[in-house]
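*Asks:* Fold the following.
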Amino acid sequence: MDEKYMSKLSPTVDFWAGIYLVIVAVLSVFGNGVVLVRAAGRFALLKSPELLTVNLALTDIGMALSMYPLSIYSCFNHAWIGGDRSCLYYGLMGMIFSITSIMTLAVMGMIRFMVAGSPPKTGVKFQRRTIGFVISGIWLYSGLWAVLPLMGWGSYGPEPFGISCSIDWTGYGMSLNHSTFIIAMSVLCTFVPCLVILFTYFGIAWKLHRAYQSIQSNDLQCRSVEKKITLSGIQILACG
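*Replies:* Numbers count the residues shown, from 1 in each chain. Model (predicted):
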């Protein structure tokens with residue numbers, strides 16, 4: 001066994017980490033499986049933004065089925081199994097599903113922000129075709145970043161504790177190739193989407209706060225309008 005794939009943790013820690021991952025995997029498969037089954041049963045009735053929720057469930061269950069078995073077995077084995085090939089596979093799947101997940105959350109935040117406060121009949125609406133293009137774009141974007149290390153920019157490798165694989169973080173600072181990839185990937189696939197999520201949900205909360213304040217005023221006409229806006233915001237949160 002290559003030394004880099006030997007666990008740097010104690011056997012006890014690895015064992016309990018494996019138990020934890022088993023629990024997470026079971027809950028993820030069950031919970032997201034229920035979401036997908038219910039969505040399939042009423043697919044024709046799903047609203048366009050709800051397709052993003054389905055996509056998020058797909059990424060979660062995909063990660064649980066394609067990645068967790070390897071990491072769980074490796075925890076119980078106290079060493080990574082499969083060597084370089086399985087490490088490459090694990091890193092590739094991790095990149096695809098993790099970027100797809102965070103980008104889906106960012107898009108969900110942007111759509112909810114744009115719709116929040118809009119009158120139900122005349123506000124911003126999204127067609128299924130539009131959301132379908134967005135979801136396809138998310139998967140293409142994730143796939144592009146996942147294959148870039150295979151094309152020579154950055155690389156995959158074992159993580160410091162030895163029983164998992166991802167981007168070769170140890171290459172940071174050792175070569176310009178690895179450093180630029182890690183920086184670009186961190187900014188465009190983590191920091192920017194997180195900022196979008198943060199600002200959009202703060203924006204939604206601010207819109208609902210202003211609508212609530214307007215309802216408390218004595219302007220009956222304003223109260224009628226803002227009541228519709230508040231109800232629209234509640235409907236958006238319910239769709240999440």
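*Asks:* Going by C-alpha atoms from here, please, whenever you check contacts or count neighbours.
*Replies:* OK.
*Asks:* Please report the distance of the residue nearest to residue 148 when sequence neighbours are not counted from residue 93.
*Replies:* Distances taken as CA to CA, 6 or more residues apart in numbering put residue 154 closest to residue 148, at 7.2 Å, once the chain neighbours are dropped. Noted for residue 154: a distance of 16 Å to residue 93, by CA to CA, to the nearest Å.
*Asks:* neighbour count winner among those two?
*Replies:* Between residue 154 and residue 93, counted using other CA atoms under 10 Å, residue 154 has the larger neighbour count: 24 against 19.
*Asks:* what about the more buried one, which SS state?
*Replies:* When classified by DSSP: H, G, I helix; E, B strand; the rest coil, residue 154 comes out as coil.
*Asks:* right, and it touches residue 178 too?
*Replies:* Yes. Counting by CA atoms under 8 Å, residue 154 sits close enough to residue 178 to count as a contact (4.6 Å).
*Asks:* Now the common contact residues for these two.
*Replies:* residue 168 (CA atoms under 8 Å, 6 or more residues apart in numbering).
*Asks:* List the buried residues of stretch 130-144.
*Replies:* Neighbour counts over stretch 130-144 (16 or more other CA atoms under 10 Å) mark 131, 135, 138-139, 141-143 as buried.
*Asks:* no wait, stretch 62-78
*Replies:* 62-64, 67-78.
*Asks:* How far away from the center of its chain is it?
*Replies:* Distance of stretch 62-78 from the chain centroid (CA atoms, centre = their mean, to the nearest Å) equals 19 Å.
*Asks:* same question, stretch 144-160
*Replies:* 19 Å.
*Asks:* max-length helix in the protein?
*Replies:* helix 83-115 (DSSP state H).
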